[in-house]
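dropping a prediction and its sequence here:
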Amino acid sequence: MPSKRSCRIRDRGLRSQADPRSPAKRHVHSTTMCPLCGMAERCPGTSMRSNGCEFSLNRRARTVDVATSPHGNASARRGGPPDAHELARLRWIWRAVERTEKGDPDRFRAEFADWISEHEYSHIPYLVEVGGCTVGMAWLAIIERIPGPQIWKRLSGHIQSVYVLAEHRDNGLGSLLIEELIEGARREGLNYLLVHPSPRSFPFYRRLGFTGEGSLLSLDLVRD
C-alpha cells in the first residue's frame, strides 16, 4: 500500500496535519502566496514544499488523496493555452527558483501565456499530473523540414524543456510523460524525434528507444 503524506497550507505558512476523519492521510490545499516567487498557485503534489514554493489555485480549501506511488493517480496529457498558468509556474520554479534567474513573476506569467498562444501549433506542451496537480512538463517543438519530390510534408520534432518537480523525480513520472509525448508526435505525423539529454538522462532516453552517439539522440517514428 503506497504511503501518503499530509499537509495543510495556510495564508501565514505551512503546517502538517492528519485528517482526523480518516485513517488515511490526505493532502489539503488552500490559497497562499508563495513567499519566494510571489505566485499564488496550486500545491504541486505529495510534499509540503516544492523548492521553497507553496501553491494553490483555489480560493476554497479542497482535499485530494495523493499517494507517493507514481502510477495509482498519475496521468500524462497534451496541454495548450488553457494550461498556461501551470506551465508558467513550473517554468518559474525551474529557472527562477532552482537556477536563480532574475525576473518579475507576474510579468513572466503574463508574457509566457502570450508566448504559448503564439506558438500553439509549433511548441506543444505535455503535462504529467498527480492527484490532479501538475508536477511536470515536456515540450514538443515541431520542425518543418524541406519538402521533397515524393513527400512534400516532412516533419520532425525536438523534445525540449523536460522538467519534473524535485520531489516527484525517479519514480516513473518522467517515462509516463515522455511516452505520451512520443505518442503525440506519432499522431502529428512526425518522422522522428531528437533530444539533447543531460548526462544524467542518457540512460532514461535509451530505455525509451532513442539511439545515437555524442550529445544528440533520436527516435525513428516511421520504422518504430
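Sure thing, it's come through. These numbers were taken from a predicted model, which means no experiment stands behind them. Numbering: from 1, shown residues only.

in the top strand by length along the chain, what counts as buried?
Ranked by residue count and defined by DSSP state E, the top strand of the chain is strand 133-144. Across strand 133-144, burial judged by 16 or more other CB atoms under 10 Å covers Cys133, Thr134, Val135, Gly136, Met137, Ala138, Trp139, Leu140, Ile142. For the C-beta atoms, the positions are set from N, CA and C on the backbone; glycine is no exception.

mean pLDDT per helix and strand in this structure: which one sits at the bottom?
Of all the helices and strands that make up the chain, strand 62-64 has the lowest average by mean pLDDT, DSSP states H and E, namely a mean of 25.

ok and the following helix or strand past that strand relative to strand 133-144, angle-wise?
Next helix or strand after strand 62-64 toward the C-terminus (DSSP states H and E): strand 74-78. Counting by axes from the mean of the first three to the mean of the last three CA atoms, to 10 degrees, strand 74-78 points 30 degrees away from the direction of strand 133-144.

in stretch 170-189, what's buried?
Asn171, Leu173, Gly174, Leu176, Leu177, Ile178, Glu180, Leu181, Ile182, Gly184, Ala185.

phi first, then psi, for Asp170.
The phi/psi pair for Asp170 (degrees, to the nearest 10) reads phi 60, psi 30.

quick one: it from Leu176, how far?
Look at Asp170 and Leu176: by CB to CB, to the nearest Å, they are 13 Å apart.

in this structure, where is pLDDT below threshold?
The model of the chain has pLDDT under 70 over residues 1-72, 224.

quick one: the strands in it?
Taking DSSP E as the test, the strands found in the chain are 7-10, 13-15, 27-29, 62-64, 74-78, 123-130, 133-144, 155-164, 192-195, 217-220.
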